[in-house]
Structures are given as structure tokens and as C-alpha cells.
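# take a look and give me a structure for this.
(one chain, ligands or ions: 1)
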Amino acid sequence: LENKKNINRRQYVLTHISFLITWLVAACKPEKIEKEPLVAVKESKLVLLNIFPEIAVSGSTLDINWYSENIDFLTFYIKTGTTNWQIAADGIDADNGLIHLTMPNRFEKDELLTIKLSGGGKEVIRENIKTENIILPKSVEIIKIEPEYAIAGEQLGVYFTSENIALLTIELRDKQQNLLLIRNVLPSAGKLFFTLPDYFVLGERLRLKVYGDGVYATLENITTKNVLIINTVDYFYLKHINGIEKVHPVFEDIWLKRIAEKEMIAMSGNCTHAGCRIELYFNGGHFYCPCHGSKFSTDGLVMNGPASEPLKTYACEWVADGTFKLIY
Ligand code: FES
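Below is the predicted model:
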């Protein structure tokens with residue numbers, strides 16, 4: 001019985017040692033490593049084939065041909081003698097193989113151009129490209145002024161058009177060529193408004209000149225007008241409808257007739273026959289010329305000759321209650 005017990009004990013111990021060894025072998029067995037398939041690293045390639053034309057012309061395009069492999073996008077740089085690299089085009093699909101690169105508007109004399117293509121870790125450079133400037137035709141034209149005459153103290157609009165001029169200058173002179181005002185303006189603006197002097201001498205004519213880069217356009221003999229503000233409270237008769245009264249701008253009488261609350265007619269006090277000064281007769285019933293007897297109605301129409309033309313009229317605009325603007 002004692003022997004049998006020893007045998008069982010040994011078998012028990014052996015069984016456990018065997019189990020322990022099996023476990024140790026299994027635990028120490030290296031895991032199977034999945035090997036990744038080998039991927040070949042593709043080499044990128046960039047070759048500048050040619051440019052056309054061989055001379056870079058200002059404001060024109062320069063065609064660039066290239067060949068590339070394994071590059072997605074390219075950036076194009078340009079540089080002239082004194083400048084740093086400038087990006088001329090970015091994010092260009094490298095498979096295109098052709099780009100029309102716009103050249104700067106102007107090169108310095110004998111300036112050389114350098115171009116660079118960059119992408120996918122590659123760079124190619126073409127140096128010493130000769131440059132040339134295109135002489136573009138320049139022109140300037142005055143389209144119109146607004147209003148069509150110059151009113152003292154008010155705005156005058158000048159509308160113009162031009163080609164290939166960087167900056168325009170607008171100047172206004174009087175009959176004696178005295179400079180009244182001068183302004184610079186970008187051609188792209190197409191128009192310029194400026195305030196005129198407060199007063200023009202009677203019969204003054206102006207000369208407008210628009211110029212730049214050696215070309216110019218002029219507008220001669222621009223008629224001038226002055227402004228007189230009429231506040232009817234200052235006039236005995238003009239407070240009332242059909243009231244007639246004379247105002248005295250320099251060198252010429254002007255007769256005003258208030259025909260409505262907001263309407264006034266303004267007539268020259270000079271007879272249309274030979275220029276004598278007319279007078280108001282018979283309680284304001286008509287105008288009479290003392291020189292040769294012409295008669296005019298209070299609206300300026302000829303009633304008796306020798307004058308044959310009605311009195312010259314002027315604009316007289318209502319401004320606000322009781323106030324009018326006479327432009328003469
Ligand atoms: S100038 Fe007035 S009628 Fe001759």
C-alpha cells in the first residue's frame with residue numbers, strides 16, 4: 001500500500017512537471033510576424049523643356065513647357081535683377097505640362113528674367129531670359145463735362161477715357177492761362193468732380209486739359225456762370241406773386257418776375273436790339289427801351305420793335321422757402 005502511494009505521488013509530480021514544460025515552451029514560442037509587402041518609393045522628376053518666346057515681353061504671356069513624374073502640383077516663381085522671387089502661379093497641376101505665364105507690365109532696360117518651377121521636392125531654374133518692353137499706344141479723351149458750363153462755387157464733373165496711362169492730371173485755366181485748379185486722378189476712375197472758384201469775371205471762358213504720359217486732350221471755351229442767391233424777404237416786390245424787381249449782378253441788370261410761390265423768371269436788362277438798358281414802365285405793365293423805343297412784355301416777349309428777339313433769360317431755381325438761386 002505504501003509503494004502504491006509513492007507511485008501515485010511520483011506520477012502526480014511528473015504530470016505537473018510535464019504540464020509546466022509544455023506551458024513554458026508554448027509561452028516562449030515567438031509570435032508569427034506578419035510581414036508588410038515591400039512598396040517601391042517612386043522617384044519624382046521635373047524637367048523644364050522650353051519657353052516661348054525666348055524673350056519675355058512685358059504684359060504678354062510666356063509659355064513654359066515641362067515634363068514631370070510623380071509630382072502633384074507646381075509653383076512658378078519669377079525674379080528680375082533687383083527683385084526677390086515672386087509667385088507667378090501656384091497650385092498648378094503638374095500633369096498639364098504647359099502654362100501661359102503673364103509677364104510684368106514693365107521691365108527695366110536690359111533686365112534679365114529668371115523663372116523657377118518648384119514641386120514634389122524638385123526645383124528647376126531657367127536664368128538669363130532676355131526681356132523687352134512693348135510700347136503700347138497711349139491716348140486720352142474728354143468725353144463730357146457736367147454740367148455743360150462752369151458754375152462758380154459749384155461742382156464740375158469731368159468724364160474721360162484713356163489707354164495705357166498710369167496717372168492723369170486735370171487742370172483748369174482761365175482765358176489768360178492762369179491756373180485755377182489742378183488734380184491728379186487714376187485713369188480707372190473715369191471721372192472727377194471738383195469745386196469751382198467762387199466767382200468768375202463776366203464773360204470768362206475756361207480751358208480744361210487732361211493729360212498724362214505725354215498725351216493730352218483739351219476742351220476750350222467752357223462758358224462760365226455765376227450764382228446769386230435771391231432771398232425774397234430782402235426784396236420789396238418779389239415777396240408777392242407777379243412781383244417784378246431788378247437785381248444788379250456785375251455789368252448787367254437782371255429783372256426777376258415771381259410767377260408762382262416756387263417759380264421765378266429771370267431776364268436780361270439789356271435790349272436785344274442794340275444792348276441798351278431797358279426800364280419798367282406803367283406800373284410794371286411792360287419794359288421799354290429808351291434808345292429806339294422797343295417794348296417787351298414783363299415775360300420778356302417783344303411787343304414793339306425794332307427789337308425782334310425776346311429778352312435773354314437765365315435759370316432761376318427755387319431752393320427753399322422764399323429763396324431762389326439765380327445762375328447768370
Ligand atoms: S437798343 Fe433798344 S430799341 Fe434799340
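
# contacting residues around stretch 243-250?
202, 226, 228, 230, 235-238, 253-258, 269, 280, 284, 298, 326, 328 (Cβ atoms under 8 Å, 6 or more residues apart in numbering). Quick note: C-beta positions are derived from backbone N, CA and C, even for glycine.

# narrow these to those that are buried.
Buried residues within these, counting neighbours by 16 or more other Cβ atoms under 10 Å: 226, 228, 230, 235, 238, 254-258, 269, 280, 298, 326, 328.

# so which of those sit within strands?
Mapping the buried ones among the contacts of stretch 243-250 onto strands (DSSP state E) picks out 228, 230, 254-258, 280, 326.

# which two among those are spaced furthest apart?
228 and 280 (19.2 Å; Cβ to Cβ).

# and the pLDDT at the residue of the stretch 101-250 of the chain found nearest the ligand?
Using Cβ to the nearest ligand atom, residue 246 is the residue of the stretch 101-250 of the chain that sits closest to the ligand, at 16.5 Å. Note on residue 246: pLDDT of 89.

# one more: residue 7?
57.

# any chance of the backbone angles for residue 233?
Main-chain dihedrals, residue 233, degrees, to the nearest 10: phi -70, psi -20.

# could you report the separation of it from residue 241?
15 Å (Cβ to Cβ, to the nearest Å).

# residue 139 now?
Distance from residue 139 to residue 241, by Cβ to Cβ: 55 Å.

# beta-bridge partners for residue 139, please?
Here residue 139 sits in beta bridges with residue 163, going by DSSP bridges.

# tell me the contacts of it?
Applying Cβ under 8 Å, 6+ apart, we find residue 139 in contact with 162-164, 215.

# hmm, back to that, out of the ones in strands among the buried ones among the contacts of stretch 243-250, which is nearest to residue 315?
residue 326 (7.5 Å).

# got a list of what that closest one touches?
Counting by Cβ under 8 Å, 6+ apart, residue 326 makes contact with 227-230, 247, 249, 254, 256, 264, 266, 314-316.

# again, only this time at 6 Å
By Cβ atoms under 6 Å, 6 or more residues apart in numbering, the contact list for residue 326 reads 228, 230, 266, 316.

# bridging residues for it?
Beta-bridge pairing for residue 326 (DSSP bridges): residue 228, residue 316.

# and the gap between it and residue 252?
To residue 252, residue 326 is 12 Å away according to Cβ to Cβ.

# again, but for residue 277
9 Å.

# residue 212 now?
Taking Cβ to Cβ, one finds residue 212 at 40 Å from residue 252.

# out of these two, which sits in the busier spot?
Legend: neighbour count by other Cβ atoms under 10 Å for residue 212 and residue 252, higher for residue 212 (19 against 16).

# correct me if wrong: the more buried one contacts residue 164.
No. Judged on Cβ atoms under 6 Å, residue 212 makes no contact with residue 164 at a distance of 9.8 Å.

# test my guess that residue 146 contacts residue 155.
No. The pair residue 146 and residue 155 fails to qualify as a contact (Cβ under 6 Å) at a distance of 8.8 Å.

# residues contacting residue 120?
44, 71.

# and it, what's its pLDDT?
The per-residue pLDDT of residue 120 was computed as 90.

# about what we covered before: from the contacts of residue 139, list the buried ones, please.
By neighbour count, with 16+ other Cβ under 10 Å, the contacts of residue 139 hold 162, 164, 215 as buried.

# quick check: which of the residues you listed has the minimum pLDDT.
Among the buried ones among the contacts of residue 139, residue 164 carries the weakest pLDDT, at 88.

# so who does that one touch?
Contact analysis of residue 164 by Cβ under 6 Å, 6+ apart lists 136, 138.

# circling back: ok, the contacts of residue 139 vs residue 48, which is closest?
Closest to residue 48, out of all of those and judged by Cβ to Cβ, is residue 164, at 32.4 Å.

# for the stretch 101-250 of the chain, what spans make up the strands?
112-119, 122-132, 139-146, 150-151, 155-163, 168-173, 179-185, 191-195, 205-212, 215-225, 227-231, 244-247 (DSSP state E, counting those that start in this stretch).

# residues near the residue of the stretch 101-250 of the chain closest to the ligand, how many?
By other Cβ under 10 Å, 16 other residues sit near residue 246.

# across the sheet, point out what pairs with residue 132.
Residues in beta-bridge contact with residue 132 (DSSP bridges): residue 57.

# what does the pLDDT read for it?
In this prediction, residue 132 carries a pLDDT score of 90.

# same question, residue 103
The per-residue pLDDT reported for residue 103 equals 89.

# ok, now which ones touch it?
Counting by Cβ under 6 Å, 6+ apart, residue 103 has contacts 56, 58, 60, 62.

# roughly how far apart are the third one and residue 101?
Going back to what we said before, that points to residue 60. Distance from residue 60 to residue 101, by Cβ to Cβ: 10 Å.

# state the distance from residue 142 to residue 168.
Residue 142 is 11 Å from residue 168, by Cβ to Cβ.
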